[in-house]
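Asker: no FASTA, just this:
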């Protein structure tokens, strides 16, 4: 972090801006962290790919937001005092632009599997709706029977149990 601070200060001096940064006080013996759990939902590029790929499936989905990135590919452009043109992009456009370049080293099979399941369920729903529309044209009588069945009143399960209990006694 100190090196990043130095680079930012150096970039600000190059642009002849007055530095408004507060100097950090260095601690001789840092205290141990009170946080024992990993944060969840952080952008995926904050994690080392080798470490992230060794995590179990459940942790991967919990830890990282695979569809957001925090930094540009060249980190030196982030810390320079000059704003890069891609920093102005919206998150979704930034993700679309750099998706392949960011994610090639991460094992995102869990995210791809989710997308495949969603598309399969959408395809299944489309097939079912097509079958229903075809059957509706041919079987109007069946539709009327289904509607009559839905209009019937049924007792809730607890009432059925109560009736059964009174009949037994």
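Answerer: Structure's in. What do you need? Here the structure is a predicted model, which is why all the values come from computation and not from measurement. Residues are numbered from 1 along each chain as shown.

Asker: Per the annotation, how does this structure divide into domains?
Answerer: 2-20+37-113, 122-168 (automatic domain parsing).

Asker: lowest-confidence stretch among those?
Answerer: The stretch with the lowest mean pLDDT among the domains of the chain is domain 122-168, at a mean of 56.

Asker: where exactly do the strands run in the protein?
Answerer: 42-43, 64-65 (DSSP state E).

Asker: partners of the last one, with directions?
Answerer: Partners of strand 64-65 in the sheet, by DSSP bridges, are strand 42-43 (parallel).

Asker: Give me the contacts around the strand it pairs with.
Answerer: 63, 64, 65, 68, 69, 70 (CB atoms under 8 Å, 6 or more residues apart in numbering). Every C-beta, even on glycine, is put in place using the N, C-alpha and C of the backbone.

Asker: ok, now with 7 Å
Answerer: Outside strand 42-43, the residues within contact range by CB atoms under 7 Å, 6 or more residues apart in numbering are 64, 65, 68, 69, 70.

Asker: export the residues you listed to TSV and tack on neighbour count and distance to residue 108?
Answerer: Shown next, in TSV, are these (neighbours: other CB atoms under 10 Å; distance: CB to CB, whole Å):
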residue	neighbour count	distance to residue 108
64	24	9
65	14	11
68	17	13
69	21	13
70	11	17
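
Asker: Redo the residues you listed as CSV? Include distance to residue 27.
Answerer: Shown next, in CSV, are these (distance: CB to CB, whole Å):
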residue, distance to residue 27
64, 30
65, 31
68, 32
69, 31
70, 26
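
Asker: wait, which of those is closest to residue 5?
Answerer: residue 70 (17.8 Å; CB to CB).

Asker: hang on, isn't the closest one packed against residue 44?
Answerer: No - at 8.7 Å, residue 70 and residue 44 do not qualify as touching, with contact defined as CB atoms under 7 Å.

Asker: Burial check on residue 101, number of neighbours?
Answerer: As a burial measure, residue 101 scores 10 neighbours (other CB atoms under 10 Å).
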